[in-house]
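A.B. asks: pasting the sequence and the predicted model now:
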Amino acid sequence: IVYQFILKMSSVSVIPGDSVGSTGELVCGYGTYSLDGVVRASICGTVVHDKDQAGNARVSVLGKAEKAEDFVINLGDKVLCRVVRTNYNQAFVDILSVGDQMLAVPSKGVIRKEDVSAVEIDKVVVQEAFKGGDIVRASALSLGDSKQYYLSTAGNGLGVQIRANI
């Protein structure tokens, strides 16, 4: 996406769900959505203000462009991810950032039931621990298979950071 008339590119970094403006003042652009009169970020990135083709003030969120090697997630890396869906045994997530590095394209990940908590593993109910839309901080366990990373929320500072209101 090329923005020809960028009015103001802020240094504000946002994660999905963050408020970036009001629908009364702005229209939604790339990387945003509106909910209850508030424009919110749908991706990790930097807030950009410009005008749409009709001349309306528009707000967008542009993800940081990375080189291909930036997408490698190493064992133990802390990641920020959004829960896409859950089932009895696992939660499927989109990995949005690695450390403080936002990804232009989310990677896929899974948090298995046994990796949700370090204690009382047999009492974990994945569908109660995570809901679709939750923002979760996790640690990378392994590459898993060729399609997704295995992640864990068993540790201090890990787990749901922002609970979705669904």
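C.D. replies: The structure has been received and is ready for your questions.

A.B. asks: residue 96 touches residue 82, doesn't it?
C.D. replies: Yes - here residue 96 lies in contact with residue 82, judged by CB atoms under 8 Å, at a distance of 6.1 Å. Yep, even glycine has a C-beta here, placed from its N, CA and C like the rest.

A.B. asks: can you list residues touching both of the two?
C.D. replies: Overlap of the contact sets of residue 96 and residue 82 (by CB atoms under 8 Å, 6 or more residues apart in numbering) consists of 16, 106, 135.

A.B. asks: rank those residues by pLDDT and give me only the lowest.
C.D. replies: Within these, pLDDT reaches its minimum at residue 106, with 82.

A.B. asks: OK, contacts around residue 102?
C.D. replies: By CB under 8 Å, 6+ apart, the contact set of residue 102 is 13, 44-45, 63-64, 96.

A.B. asks: the shared contacts of residue 96 and residue 82 in strands, which ones?
C.D. replies: 106, 135 (DSSP state E).

A.B. asks: so which of the shared contacts of residue 96 and residue 82 wins on neighbours?
C.D. replies: Counting neighbours by other CB atoms under 10 Å, the top entry in the shared contacts of residue 96 and residue 82 is residue 16, with 23 neighbours.

A.B. asks: got a list of what that one touches?
C.D. replies: 40-44, 82, 96, 135.

A.B. asks: same thing with residue 86?
C.D. replies: Contacts of residue 86 (CB under 8 Å, 6+ apart): 92, 126-127, 130-132.
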